[in-house]
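> Make a model of this:
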Amino acid sequence: MTTSPTSPAGPASPRTGGGPALRLRPRGRHVLLAVPPALAGPALVCAGAWMPSSTLLLVGLGLSGALLRSALILCGGLTEAWPDGLSNRLVGRAAETPWERVDALVVTRSLFGRSVQVEERDGARISLAAPRNGLLLRSPGFDADLERLRRMPGGGRRPVPVRLAASAPAIVVQGVLMAGFLGAMLLALVR
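Numbers count the residues shown, from 1 in each chain. Below you'll find the predicted structure:
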C-alpha cells in the first residue's frame, strides 16, 4: 500500500491537475433502518451489566462498535480516482496508489453486503470507502460505480480487472457466528 504524506501536487501523489475524475462517497440507508440497531447496542450493554451477562455485554459492545464504524465511514469515507491513480480515506486511514501498482479490484461479499478492495501487485489490499453496500451504508449504483472505477486508468493503461473474492466460506462463518450470538443472547435472557 502506498501512502503519501506529500501535498496533492507532490511527486508521490497519483493526482493530476484539477479535481478528481471520479469521486465516490458512501450513502446511508433510511434513518429508520438505523434506529433499531442504534438502540439495541446500548440496551444490550445495559442489560449485560444489569443481569450480569458477559454475552449480552459483548454483543452490545460489538453492535455499538459496528454502528460507530459505519457512522465514521458515512461521515468521512471518500474514494477519489484520477487517470494516474486513486486515493481513499476510510475511518481515519488514508491511502494513495498509482494505477501501475494496482493488480485488481476485488469485490468482497459478506452476509450483509458487498465492498471493494484494491489489490496491489505486492499483495497489499486497500478497502475502499465506496462503492459499498451493507446494513447501514449503500451505493445505489454499485455495479456502475465499479465499472467506472475499473475503466479509470488513463494514459493508454488497460482497465483494471475485477475479481470476486471467494465469499461462500466467509458468509457461512458469519452466519454461524450470527446464529451463535443470537442463541447465546436468548439463553442469557431466559436465565
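> in this structure, what secondary structure element scores lowest on mean pLDDT?
The weakest-scoring helix or strand in the chain, judged by mean pLDDT, DSSP states H and E, is helix 168-190 (a mean of 78).
> Show me what that one is in contact with.
Residues outside helix 168-190 that contact it (CB atoms under 8 Å, 6 or more residues apart in numbering) are 44, 47-48, 51, 53, 55-56, 59, 108-112. Every residue, glycine included, has its C-beta placed from N, CA and C.
> Swap in 6 Å and give it another go.
53, 55-56, 59, 111 (CB atoms under 6 Å, 6 or more residues apart in numbering).
> Which residues belonging to that helix are considered buried?
For helix 168-190, a neighbour-count test (16 or more other CB atoms under 10 Å) marks 184-185, 188 as buried.
> Including neighbour count, distance to I171 and secondary structure, could the contacts of helix 168-190 go into TSV?
Output for the contacts of helix 168-190, formatted as TSV (neighbours: other CB atoms under 10 Å; distance: CB to CB, whole Å; DSSP: H, G, I helix; E, B strand; the rest coil):
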residue	neighbour count	distance to I171	secondary structure
S53	20	28	coil
T55	19	23	helix
L56	22	25	helix
V59	22	20	helix
L111	15	5	coil
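> Show me the two of those residues that sit farthest apart.
Using CB to CB, the contacts of helix 168-190 span at most 24.3 Å, a distance reached by S53 and L111.
> so where do the helices sit in this structure?
Secondary structure of the chain (DSSP state H): helices located at 31-50, 54-76, 142-150, 168-190.
> Could you pull up the mean pLDDT of the third one?
For helix 142-150, mean pLDDT rounds to 93.
> re the thing from before, for E100, which of the helices of the chain is the nearest?
Here helix 142-150 is closest among those (CB to CB), at 15.5 Å.
> buried stuff in that closest one?
For helix 142-150, burial by neighbour count (16+ other CB under 10 Å) applies to 142, 145-146, 149-150.
> Also stretch 86-102?
Applying a neighbour-count criterion of 16+ other CB under 10 Å, one finds 86-90, 95-99, 101-102 buried in stretch 86-102.
> can you check stretch 65-79 too?
66-67, 70-71, 73-74, 77-79.
> just to revisit the earlier point, report the inter-axis angle for the least confident helix or strand of the chain versus helix 31-50.
50 degrees (axes from the mean of the first three to the mean of the last three CA atoms, to 10 degrees).
> Just the CA atoms of helix 168-190, as PDB, please.
Output in PDB follows, covering the C-alpha atoms of helix 168-190 (Å, rounded to 0.1, in the frame of the first residue of the first chain):
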ATOM      1  CA  ALA A 168     -19.100 -18.600   0.500                       C
ATOM      2  CA  PRO A 169     -16.800 -19.700   3.400                       C
ATOM      3  CA  ALA A 170     -16.900 -16.200   4.900                       C
ATOM      4  CA  ILE A 171     -20.700 -16.000   4.600                       C
ATOM      5  CA  VAL A 172     -21.100 -19.400   6.200                       C
ATOM      6  CA  VAL A 173     -18.800 -18.400   9.100                       C
ATOM      7  CA  GLN A 174     -20.600 -15.100   9.500                       C
ATOM      8  CA  GLY A 175     -24.000 -16.900   9.500                       C
ATOM      9  CA  VAL A 176     -22.800 -19.500  12.100                       C
ATOM     10  CA  LEU A 177     -21.400 -16.700  14.300                       C
ATOM     11  CA  MET A 178     -24.700 -14.700  14.000                       C
ATOM     12  CA  ALA A 179     -26.700 -17.800  15.000                       C
ATOM     13  CA  GLY A 180     -24.400 -18.400  17.900                       C
ATOM     14  CA  PHE A 181     -24.700 -14.800  19.100                       C
ATOM     15  CA  LEU A 182     -28.500 -14.900  18.800                       C
ATOM     16  CA  GLY A 183     -28.600 -18.300  20.600                       C
ATOM     17  CA  ALA A 184     -26.300 -17.100  23.400                       C
ATOM     18  CA  MET A 185     -28.400 -13.900  23.800                       C
ATOM     19  CA  LEU A 186     -31.600 -15.900  24.100                       C
ATOM     20  CA  LEU A 187     -30.100 -18.200  26.700                       C
ATOM     21  CA  ALA A 188     -28.800 -15.200  28.600                       C
ATOM     22  CA  LEU A 189     -32.200 -13.500  28.600                       C
ATOM     23  CA  VAL A 190     -34.100 -16.700  29.500                       C
END
